[in-house]
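In: Mind looking at a prediction? Sequence and model below.
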Amino acid sequence: MTLPVLAKKMKKLASLQFFNLKLLLNGESSRGFSKFKKNYKLKAELGRGGFGVVYRAVRTCDNTLVAVKFIERSNVKEWARINGEQVPMEICMLAKCSKIRGVIRLLDWYSIPEGFLIVMERPYPCIDMFDFIKGQGKISEEMARFLFRQIALTVHECVQNRVLHRDLKDENVVIDLVTGATKLIDFGAATVLRRSQYSDFQGTRLYCPPEWFLHSLYLGREAAVWSLGVLLYNSLNGRLPFRNEKDICTAHLLGPLPFFVPVSQEVKDLISKCLTFEPFQRCSIESILNHPWVKQQPLSWELLTKNKVQKKTNEKMEKSDDHHSETLGEETSETDEERSHPTTVSVSQQPGSADEGVGSSASSSATPPKKQHKEHRMAKTSLLAPPTSIEMKAAVQASKTPTQFNVHTALKNQRQMKKHHSPQPPNSTVLTALRRAMSREAQNRIS
Ligand SMILES: Nc1ncnc2c1ncn2[C@@H]1O[C@H](COP(=O)(O)OP(=O)(O)OP(=O)(O)O)[C@@H](O)[C@H]1O
């Protein structure tokens, strides 16, 4: 199936899902459904990931802009209790962190037979960090500092509340375009922080530390530090540091990571401390916060956004997110489409500015930087399933024999990996769930 056909199908599916959700909400209510309907007006789709669909909505009593995430019951892997009620771990973890300034505030939640509706604050106008970086190709070191120090502090505060996010990445950070404040979202992979090792993971493959691929085990804080390193590298270079599991497990054997923009030694030092192969030698979250690069006072958001390119992006986002132009209860509009796939914003790259003296990963030396840049920021990342035995074998073997890298074997392995972990089509199950709920409600009405 060609990409345009697939995109068209996905668009159709998305509008159908939205239509069904609307129908469902307008039908007879049950188990908190009527309350939701009374309190919120659902609007167009805002974004979607592997496990949920997020909609724009408005709280009817005071016109507060909110985001509503629908998660299907069958997709919930971990459960917890709030006031005696069984809820997905996501809601519980979000509730635990809701007082943290850098975490999106949980306002409300509803339970329906098919799943849960999570009502969250929605900064306006806002953009997620993936789209923010994509809109500009990469961001300046000053801008990276401004955003990263907030994110690192938020992760620290979550950890102090014994919450481990486990899916730290640019897609899960929302930026308030008025103040520059960052908000951590998507606690779908979050769990209670513990001292012992974890052997389960639901995060994102390319933000994952090597110990997971090599041993299927990781420690909470150490894995979070690794992801923060990936996030910081990505912000500055506009591309991820590692292409695949092999890169993640072997890059340390090949010298320092290449940088594709001129950046300070201080930030390179911080990134290398976060991306230290050995988890026990990796820096701590506290030492990230005390690192001279992070401690340096950042420029104000006003000054940072004076930059023409950033202004342009902001204007574009404001335009597309203008709630006055939102069509109440309408299907996804042109501007919404633009927002979720901002392909019109150019992605720039400075091929000549790559650090040529530094060592490069196995994958980076032969390919021109421009091509790599595109490869690494093609789309939002897919979710991580536990590594298969083939993947683990390949990663272990690769980490032992870095110099005998064979392109053909690597490609074959990659193809095999793709077969095992190709990204799932977005939420076709949501549609089924909503259909089921609708027919049950219709039956209830008849009887
Ligand atoms: N409160 C919010 N305010 C603004 N935008 C939001 C909010 N929550 C989610 N989004 C947007 O919706 C997108 C998907 O949200 P989220 O990551 O929670 O979904 P998901 O299905 O859990 O995704 P993933 O597959 O990454 O786990 C985000 O990348 C973001 O663009």
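Out: Now that the structure is in, tell me what you want to look at.
In: where does residue 57 land in three-state SS?
Out: strand (DSSP: H, G, I helix; E, B strand; the rest coil).
In: That one reaches residue 42, doesn't it?
Out: Yes. Look at residue 57 against residue 42 with Cβ atoms under 8 Å: they come within range, at 4.9 Å. Using the backbone N, CA and C atoms, a C-beta is placed for each residue, glycine as well.
In: Need the three-state assignment for residue 43.
Out: Secondary structure state of residue 43, per three-state DSSP, is strand.
In: That one: neighbour count?
Out: Neighbours of residue 43 under the rule other Cβ atoms under 10 Å: 24.
In: how close does it get to the ligand?
Out: 12 Å (Cβ to the nearest ligand atom, to the nearest Å).
In: Quickly note the distance from that residue to residue 165.
Out: In this view, residue 43 and residue 165 are 27 Å apart by Cβ to Cβ, to the nearest Å.
In: try residue 115
Out: Remark: distance between residue 115 and residue 165 (Cβ to Cβ) = 21 Å.
In: number of nearby residues for residue 129?
Out: Per other Cβ under 10 Å, the neighbour tally for residue 129 reads 21.
In: List the residues that contact it.
Out: Counting by Cβ atoms under 8 Å, 6 or more residues apart in numbering, residue 129 touches 147, 170-171, 173-175, 182, 235.
In: and for residue 57 and residue 42, which residues touch both?
Out: Common contacts of residue 57 and residue 42 (Cβ under 8 Å, 6+ apart): residue 68.
In: before we move on, the earlier item: pull the most distant pair out of the contacts of residue 129.
Out: Using Cβ to Cβ, the pair of the contacts of residue 129 lying farthest apart is 174 and 235, separated by 14.8 Å.
In: My guess is residue 282 contacts residue 271. True?
Out: No. Residue 282 lies out of contact with residue 271 (Cβ under 8 Å); the separation is 11.6 Å.
In: How about whatever residue of the chain ends up closest to the ligand, nearest residue that isn't a chain neighbour?
Out: Closest residue of the chain to the ligand, Cβ to the nearest ligand atom: residue 49 (1.7 Å). With sequence-adjacent residues excluded and distances taken as Cβ to Cβ, 6 or more residues apart in numbering, residue 49 is closest to residue 186, at 6.8 Å.
In: Would you confirm that the one you found belongs to a strand?
Out: No. Counting by three-state DSSP, residue 186 is not part of a strand but coil.
In: I'd say it and residue 167 touch.
Out: Yes. Proximity of residue 186 to residue 167 meets the contact threshold set by Cβ under 8 Å, at 6.1 Å.
In: following the one helix or strand residue 146 maps to, which helix or strand comes up?
Out: Using DSSP states H and E, residue 146 sits in helix 141-160. For helix 141-160, the following helix or strand on the C-terminal side (DSSP H and E) is strand 163-164.
In: moving C-terminal of that next one, what's the next helix or strand?
Out: strand 173-176.
In: Please spell out which residues along that following strand are buried.
Out: For strand 173-176, burial by neighbour count (16 or more other Cβ atoms under 10 Å) applies to 173-176.
In: Dump those into CSV; add distance to residue 127 and pLDDT as well.
Out: Shown next, in CSV, are the buried residues of strand 173-176 (distance: Cβ to Cβ, whole Å; pLDDT from 0 to 100):
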residue, distance to residue 127, pLDDT
173, 10, 98
174, 7, 98
175, 6, 98
176, 9, 98
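In: give the contact list for residue 277.
Out: Counted by Cβ under 8 Å, 6+ apart, residue 277 has contacts 210, 252.
In: Pretty sure it sits in a helix.
Out: No. The assignment for residue 277 (three-state DSSP) gives coil, which keeps it out of a helix.
In: hey, where'd the strands end up in the stretch 151-300 of the chain?
Out: For the stretch 151-300 of the chain, the strands defined by DSSP state E, counting those that start in this stretch cover 163-164, 173-176, 182-184, 191-192.
In: Tell me the confidence at the residue of the chain closest to the ligand?
Out: If you check residue 49, the pLDDT there is 79.
In: Residue numbers of the stretch 51-200 of the chain in contact with the ligand?
Out: By Cβ under 6 Å from any ligand atom, the part of the stretch 51-200 of the chain that sits against the ligand consists of 51-52, 54, 67, 69, 104, 120, 122, 126, 128, 171-172, 174, 185-186, 188.
In: Scan those and report the most crowded one.
Out: Highest neighbour count within these, by other Cβ under 10 Å: residue 188, with 29 neighbours.
In: How confident was the prediction at it?
Out: For residue 188, the pLDDT comes out at 95.
In: For it, which residues are in contact?
Out: Contacts for residue 188 were tallied using Cβ under 8 Å, 6+ apart; they are 49, 51-52, 71, 90, 167, 202.
In: any idea how far it lies from residue 172?
Out: Applying Cβ to Cβ, the value for residue 188 to residue 172 is 9 Å.
In: Could you do residue 145 as well?
Out: 19 Å.
In: Residue 137 now?
Out: Note on residue 137: its distance to residue 172, by Cβ to Cβ, is 21 Å.
In: now do residue 244
Out: Distance from residue 244 to residue 172, counting by Cβ to Cβ: 21 Å.
In: Quick one: mean pLDDT for stretch 92-109?
Out: On average, the pLDDT along stretch 92-109 is 97.
In: What of stretch 300-307?
Out: Taken as a whole, stretch 300-307 has an average pLDDT of 89.
In: May I have it as PDB, with CA atoms only?
Out: Extracted in PDB, the C-alpha atoms of stretch 300-307 (Å, rounded to 0.1, in the frame of the first residue of the first chain):
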ATOM      1  CA  SER A 300      14.000  34.700  28.600                       C
ATOM      2  CA  TRP A 301      11.300  33.100  26.400                       C
ATOM      3  CA  GLU A 302      10.600  36.500  24.900                       C
ATOM      4  CA  LEU A 303      14.200  36.900  23.800                       C
ATOM      5  CA  LEU A 304      14.500  33.300  22.600                       C
ATOM      6  CA  THR A 305      11.300  33.600  20.500                       C
ATOM      7  CA  LYS A 306      12.400  36.900  18.900                       C
ATOM      8  CA  ASN A 307      14.200  34.700  16.400                       C
END
